[in-house]
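Enquirer: next input, structure requested:
(one chain, ligands or ions: 1)
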Amino acid sequence: MKLTKQQVEEFNTNGFLILKNFADEQLCNDILEKANKHLQEKQAPIETEADYLRKETKDITVRRLRQVYDREEIFKTWMTHKKIRLILKQLLNDIPILSLAHHNSIMTKMPKESSRTSWHQDRRYWSFKNDDLISIWLSLDDETLENGLLEFIPKSHKMEFEKEQFDEDSNFLDTKNEELIKTKVHTNLQKGDIVLFHCKTLHHANKNETEKAKISFVYTVRAKRNKPLYMTRSDFKEITLD
Ligand SMILES: O=C(O)CCC(=O)C(=O)O
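Expert: Numbers count the residues shown, from 1 in each chain. So this is what the prediction gives:
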């Protein structure tokens with residue numbers, strides 16, 4: 001599958017692109033079945049709500065299953081799927097390389113115990129030569145504002161910001177960015193929809209106010225020319241998606 005010129009333009013202009021009904025229902029169900037098993041067992045490595053909020057607590061609510069590539073064949077199948085390689089190549093204008101260091105995860109929002117994810121750019125976590133990095137978000141079920149759907153600020157990947165607009169954890173501050181945050185957009189997602197977003201596109205997600213866990217898959221690719229910086233945590237195992 002190839003993107004149209006208009007879709008490529010949309011990604012380049014807004015910093016994200018939604019492709020509805022992209023992944024097969026069966027693939028999503030198979031991923032979900034395995035993800036639920038790992039979540040129930042709280043299989044390490046994980047990120048907990050307490051890790052994210054930097055709180056000391058005995059309560060372990062999983063926020064993210066980390067390092068999922070090597071956990072299950074079906075996870076590998078999705079992360080290396082032929083259907084998406086050409087698309088990523090088009091958007092990066094280069095060979096995509098799957099980084100297993102970052103966003104190699106199943107992301108969850110548990111009912112009640114989940115927290116809001118503040119506005120941020122994913123680039124804050126990573127050390128690469130430049131910003132040619134794209135994340136691929138796969139919805140495994142319905143995602144709405146009520147259960148913590150991602151919202152984006154269009155065109156933010158091309159904006160320059162001052163240090164004061166962020167806190168010490170590189171969260172983009174609600175109080176200092178009110179006008180820009182008003183331009184946020186969202187699209188409800190269903191099982192099989194994907195969102196491709198640039199590593200500088202500002203996004204956030206509210207907590208899950210429903211009774212059911214929201215589970216999604218997210219991974220990141222870089223352009224081949226965009227090398228990780230030597231000896232940083234981004235300098236890690238990678239898979240070429242040629
Ligand atoms: O679902 C969420 O809480 C947002 C996750 C997110 O922003 C990320 O993985 O970068």
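
Enquirer: next helix or strand past the worst-scoring helix or strand of the chain on mean pLDDT?
Expert: Every helix and strand of the chain was ranked by mean pLDDT, DSSP states H and E. The lowest is helix 49-53, at a mean of 84. Sequence-wise, the next helix or strand downstream of helix 49-53 (DSSP states H and E) is strand 62-65.

Enquirer: just how off-centre is that following strand within its chain?
Expert: Its chain's C-alpha centre and that of strand 62-65 lie 13 Å apart, by CA atoms, centre = their mean, to the nearest Å.

Enquirer: kindly report the residues of the protein close to the ligand.
Expert: 107, 109, 117, 122, 148, 150, 203, 205, 218 (CB under 6 Å from any ligand atom). C-beta here means a position set from N, CA and C on the backbone, and glycine is covered the same way.

Enquirer: in strands, which of those residues fall?
Expert: Among the residues of the chain next to the ligand, DSSP state E puts 107, 109, 117, 150, 203, 205, 218 in strands.

Enquirer: ranking by neighbours, what's the top pick from the residues you listed?
Expert: Lys109 (27 neighbours; other CB atoms under 10 Å).

Enquirer: contacts for the least confident helix or strand of the chain next, please.
Expert: If you take CB atoms under 8 Å, 6 or more residues apart in numbering as the criterion, helix 49-53 is touched by 55-57, 59-63, 110, 113-115, 117.

Enquirer: repeat that with 7 Å
Expert: 57, 61, 63, 113-115 (CB atoms under 7 Å, 6 or more residues apart in numbering).

Enquirer: adding pLDDT, write the residues of the chain next to the ligand out as JSON lines.
Expert: Formatted as JSON lines, those follow (pLDDT from 0 to 100):
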{"residue": "Met107", "pLDDT": "97"}
{"residue": "Lys109", "pLDDT": "95"}
{"residue": "Thr117", "pLDDT": "94"}
{"residue": "Asp122", "pLDDT": "96"}
{"residue": "Gly148", "pLDDT": "96"}
{"residue": "Leu150", "pLDDT": "98"}
{"residue": "His203", "pLDDT": "98"}
{"residue": "Ala205", "pLDDT": "97"}
{"residue": "Val218", "pLDDT": "98"}
